[in-house]
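A.B. asks: how would this look folded up:
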Amino acid sequence: MSQLHVTHADGSRAIRLPEGAKVLYLTKDPELIKQQLAGELVLRMEDVDPADLLDDINTDVMTPAWVCFRHRPEDIALDAYAGLLDANGERVFGTRALMDGGFSIIVSGQRKGTGSSRETAPQCEKWSGIELVIASSFAPIHQRNNINLGQLMGDYKQLARLEAGEEIALEEFTKSFDPVTATMLAAGGLFAFNKAYEAGELHVPAPTTAARPMTMGEKILHRHLHLESGQTAAAVKPGDQGLFNVDAGYSHEFTTAQVHDFLSAEFGADYTVKNKDTFAVFEDHLLYADGVAKMAPFASEIQTLRDLQVAFQRHTGVRDYSAKDGVSPGICHQVARSEFLTPGMFVQATDSHTCMGGASNCLAYGVGATEYAGLIQSGYTFVRVPESIRFELVGELPANVTAKDVILYILENYAVAEDTLDRVMEFGGPGMTTMAVDERATLTNMATECTGKSGICEGDERLAKWLERRGVMPGKSVAEIMETFVAPDPGAHYDGGVHTIDLSAIVPMVAKPGDPTYGEDITDLGEVAIDIAYGGSCTAGKDTDMDLYASVLAEAEKAGRGLAEGVNMYIQYGSEGVRDYALEVGYDALFRRLGVTMIGPGCGACIGCGPGVSETSEQVTVSAINRNFQGRSGPGKLYLASPLTVAASAVTGRITAFESGMFDSTPATETVSTATSQDNDQ
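C.D. replies: This is a model prediction of the structure:
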């Protein structure tokens, strides 16, 4: 029963904080959180400086991977915030701590819910009794997941008023949203809204925006409007809302079980889905979990997730990318862009790195299990048209710099300031045309680390050749493919501004442990010895990434060098296609000669579920993955870097940039910095 919601005799609804209701403040001091959980401390908004509240609470903290092995929300809530650790590495929240704490409201700082799109994060709060979530700002996918669950969100001023005994009309918590979202929240979430819409009990008006120049994201959404009979729309602008048809999507074994359960519960055992030929399931995230010792206790739960995905695929007939004889076709994002994502598509999938598809001139982003279940059943989803920010790339990257360094630069200089927050990050300009298509995919992939809505690149002949060679658009020539590209209109407006980035001025960078936004030039980093070097994941397991690893390791071999003593290096292929490419050109043999541990296609260490994870808190990893949240890839310290830096560091034994030719004249302990990868786009 709700503690906060009040319905009056006239039908009006409000929120109030009854006597005895409890508020949990997530402070930067974990001891203060522990005292609140134990009932030893009661805080009020008037006594709390917002600067002392915890920022950037990521979804891995709220529900670490091992908690996500459970697919029932009530079981997930048992270990809410299991990833929040104190200075000693101990859990701040024990099992049932949030559930048994009796809290109705939870409070934090900026960018609540960054990281993975996992809907388990807001589920762990809702099923622990939280009815109102207060934060300075929310990551876009996390905010949408709250809305889909009917979970109210508010600000510090509203909380202070509640604590002062004021009753606040429900509309005050929903008025910042468009009418449809407000209705969805009031109805209790997405499924209730969809049922009312399908029954004709409510209507979604078409946008009334007059014809105007549009960005790429706006143009794609405009083309996908789901209009009711007689409706028309000349254009869309940021803030417009409506229903939009979805072309393609996918889920993986970490998420499909919930989708299957939700659809069965809402629509019955004989539920159906739309457009099954352009939707898919992938077995990629947990393929190697069985080989990680700390995952052994969860073997039964992991197998249940796999079994439920099989049941979903057989029931719906969607594309099947299950592992065969223990070998996965690859990571969903890499396979999808290489096989069935085409320019101009609107794509939704249950993973935050879905935006990687933006390198193919798609509008693609991640959603939670509830939203995915709704759209795969109906064929459309609700969208509030996002703002855009444009990055005009000029110049050309130096030989020792990659797209990973560019996105780390953007993270440090634009994401921290929230310039990218909930915006479509548009990439274009003459500098982008100098970048390999796989490198562009690194930029769009990590738009989610910038808390952006999505990332999208302009199309060009290089992309058309990439798509044609892979047979993504069978029967179409390069010229015909180019005709399908979506380009921004001259005069399109960018709420986040247009920012010119001179690629020639970018330097090799790392992100220090804890968050991808902690960027630093390698030259300013100092001496950092490493134990593990990891290359792989959707971000860094592509063809061009293999070129980059190979360019460094080939020079090391030529100079008589190998991996530094005590350093273990791992390279994991992003797909079977990438593996086949590496075998064909001899990279696989090179890597193995130098002692690199090679791992088959799929995810793994990136989510702590495969070889390459650290085993102790003292170990240091330099990794080409996308996230370095505490505990995500083992208990050690994890630095993010480019594939070139990862390979060079494996040879020198410390975090190092690579410079072609320097292995010949430098001792094993000295710094090195990059080589030019071969271009496989042509």
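
A.B. asks: can you tell me which helix in this protein is longest?
C.D. replies: The longest helix of the chain (DSSP state H) is helix 299-316.

A.B. asks: Just the mean pLDDT for that helix, thanks.
C.D. replies: Here helix 299-316 scores 94 as its mean pLDDT.

A.B. asks: can I get the CA coordinates of that helix in CSV?
C.D. replies: Listed next in CSV are the C-alpha coordinates belonging to helix 299-316 (Å, rounded to 0.1, in the frame of the first residue of the first chain):
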residue,chain,number,x,y,z
ALA,A,299,25.2,-20.9,-12.4
SER,A,300,21.6,-22.0,-11.9
GLU,A,301,20.2,-18.4,-12.2
ILE,A,302,22.3,-17.8,-15.4
GLN,A,303,21.0,-21.0,-16.9
THR,A,304,17.4,-19.9,-16.2
LEU,A,305,18.1,-16.7,-18.1
ARG,A,306,19.4,-18.7,-21.0
ASP,A,307,16.4,-21.1,-20.9
LEU,A,308,13.9,-18.3,-20.8
GLN,A,309,15.5,-16.6,-23.8
VAL,A,310,15.2,-19.8,-25.8
ALA,A,311,11.5,-20.0,-24.8
PHE,A,312,11.0,-16.4,-25.9
GLN,A,313,12.7,-17.0,-29.3
ARG,A,314,10.7,-20.1,-30.0
HIS,A,315,7.5,-18.4,-29.0
THR,A,316,8.0,-15.3,-31.1
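
A.B. asks: Remind me what it packs against, helices and strands.
C.D. replies: strand 248-252, helix 256-267, strand 279-282 (3 or more Cβ pairs under 8 Å, 6 or more residues apart in numbering; DSSP states H and E). (Each C-beta comes from the backbone N, C-alpha and C, glycine too.)

A.B. asks: So for residue 525, which of these sits nearest?
C.D. replies: Residue 525 lies closest to strand 248-252 among those, at 34.5 Å (Cβ to Cβ).

A.B. asks: Domains in the chain, by residue range?
C.D. replies: 5-193, 244-382, 390-505, 511-664 (automatic domain parsing).

A.B. asks: With distance to residue 227 added, can I get those in JSON lines?
C.D. replies: Shown next, in JSON lines, are the domains of the chain (distance: least, Cβ to Cβ, whole Å):
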{"stretch": "domain 5-193", "distance to residue 227": "14"}
{"stretch": "domain 244-382", "distance to residue 227": "10"}
{"stretch": "domain 390-505", "distance to residue 227": "20"}
{"stretch": "domain 511-664", "distance to residue 227": "34"}
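
A.B. asks: To residue 238, which of the ones you listed lies closest?
C.D. replies: domain 390-505 (6.0 Å).

A.B. asks: what kind of secondary structure is residue 383 in?
C.D. replies: strand (DSSP: H, G, I helix; E, B strand; the rest coil).

A.B. asks: So what's the residue count around it?
C.D. replies: Applying other Cβ atoms under 10 Å, we find 25 other residues in the vicinity of residue 383.

A.B. asks: Could I get the buried residue list for the helix-or-strand element of the chain with minimal mean pLDDT?
C.D. replies: The helix or strand of the chain with the poorest confidence is helix 179-187; it has a mean of 83 (mean pLDDT, DSSP states H and E). In terms of neighbour count (16 or more other Cβ atoms under 10 Å), helix 179-187 has its buried residues at 180, 181, 182, 183, 184, 185, 186, 187.

A.B. asks: Right, I'll call it a day here.
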